[in-house]
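Q: What follows is a predicted structure for the sequence shown.
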Amino acid sequence: ASINKLDFGKLAAPFLKEYLKEGELVGTVDANVGMKGNLGVFALTTASGKFKTSPGYFHKMKILERITPAKKISFDNIRGTFAWDGSDLFLNPGTQATAPNDEPLYRYFAVNGSCGLSGKNLRLLCDGRFDLKILDRILGAMKGVFQYMTGALTSGLNGASFLKDSAGRMLGIKKRDFQNVTFTLAKSWSELQLLDLKITKPIQDFLPLDKLNSLNEETQQKSGKQFKLNLKIPVGQGNLNPEEDTTKDQLKEQLLDNLFNF
């Protein structure tokens, strides 16, 4: 079966009302679905397919209205493949949302695993590239929703980090701290667990300057501390705002890192 321009909001409304009690999705979705089994009994039916949404957004959630500048989370599209085994929906690896240029929270968000629609056995492996300052505020506001968390995003602004942040603002650095974040949503939507929260800097985001820096180790040892600059180039999934993460700002930021960590 082919489905075109299905109202994404109406499709998600029962789930949002049941578990989040608020929020609304805006957009449409196209899908190709193959089904087999006893079509009169949903539990005896299996299905698989692929889907892609139009540009859209999620809004009308109090936390987002208080914390995110846009008061919503936008997506350029969400696309992926799925399978239904008669009791639960599974999102396959490669399923992801891509952000438009003006989205402040993230650049891309990928997810795979079981959706827990049966009321249990939720296990969604998530990873994406997020602005840590906004994500930190959202997770902090939602602490009561999660049964427990591992890891932390807040490092605090004190000492050298506070001075560096102040100096960065005076230099006009327009930096958004996008980093790769992975975590797992587990158990059930009514007793949600956020597990294994990790933040990593992807190696592929850096030019291979480490070899150049290590060529003159003897010289460095004789002359004392040497500054190292790694120029980050925004690559990978998700659209980028050309005004963000400029090379000029990266140079300023890394010079400050060297000065305040001397």
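A: Received the coordinates, thanks. Residues are numbered from 1 along each chain as shown.

Q: quick one: low-confidence ranges for this protein?
A: 42-43, 143-175, 201-262 (pLDDT under 70).

Q: helices or strands next to the helix or strand hosting residue 198 in the packing?
A: Under the assignment given by DSSP states H and E, the secondary-structure element containing residue 198 is strand 192-200. Strand 192-200 makes packing contacts with strand 178-187 when contacts are defined by 3 or more Cβ pairs under 8 Å, 6 or more residues apart in numbering; DSSP states H and E. Just so you know, the C-beta spots here come from the backbone N, C-alpha and C atoms, and that holds for glycine as well.

Q: Helices of the stretch 51-200 of the chain, residue ranges please.
A: If DSSP state H, counting those that start in this stretch is used as the criterion, the helices of the stretch 51-200 of the chain fall at 62-67, 132-141, 159-170.

Q: show me what contacts residue 69?
A: Residue 69 makes contact with residue 104 under the criterion Cβ atoms under 8 Å, 6 or more residues apart in numbering.

Q: What distance do you get for it to residue 38?
A: Note on residue 69: its distance to residue 38, by Cβ to Cβ, to the nearest Å, is 50 Å.

Q: what do you get for residue 131?
A: Per Cβ to Cβ, residue 131 is found 47 Å from residue 38.

Q: Between the two, which is the more surrounded one?
A: Between residue 131 and residue 38, counting by other Cβ atoms under 10 Å, residue 131 is the more crowded of the two (20 against 10).

Q: Surely the more buried one touches residue 103?
A: No - the pair residue 131 and residue 103 fails to qualify as a contact (Cβ atoms under 8 Å) at a distance of 9.4 Å.

Q: Correct me if wrong: residue 28 contacts residue 55.
A: No - between residue 28 and residue 55 there is no contact under Cβ under 8 Å: 9.5 Å.

Q: neighbour-wise, which of the two wins?
A: When neighbours are counted by other Cβ under 10 Å, residue 28 comes out ahead of the other of residue 28 and residue 55, with 17 against 14.

Q: residues in contact with the more buried one?
A: Each residue near residue 28 by Cβ under 8 Å, 6+ apart is listed here: 5, 6, 7, 8, 53, 54, 56.

Q: got a list of what the last one touches?
A: In other words, residue 56. When the contact criterion is Cβ under 8 Å, 6+ apart, the partners of residue 56 are 8, 25, 26, 27, 28, 74, 75.

Q: Please report how far the nearest residue to it once chain neighbours are set aside lies from residue 76.
A: Leaving aside its sequence neighbours, residue 56 sits nearest to residue 27 (Cβ to Cβ, 6 or more residues apart in numbering; 2.3 Å). Shown here: residue 27 relative to residue 76, a distance of 10 Å by Cβ to Cβ.

Q: shared neighbours of these two, which are they?
A: Contact with both residue 27 and residue 76 is made by residues residue 55, according to Cβ under 8 Å, 6+ apart.

Q: who's more crowded, the two?
A: When residue 27 is set against residue 76 and neighbours are counted by other Cβ under 10 Å, the residue ahead is residue 27, at 21 against 18.

Q: just to revisit the earlier point, which of the contacts of residue 56 fall within helices?
A: Restricting the contacts of residue 56 to those inside helices, with DSSP state H as the criterion, leaves residue 8.

Q: List the ones among the contacts of residue 56 that fall in strands.
A: The strands, defined by DSSP state E, take in 25, 26, 28, 74, 75 from the contacts of residue 56.

Q: So residue 198 sits against residue 182, correct?
A: Yes - between residue 198 and residue 182 there is a contact under Cβ under 8 Å: 5.0 Å.
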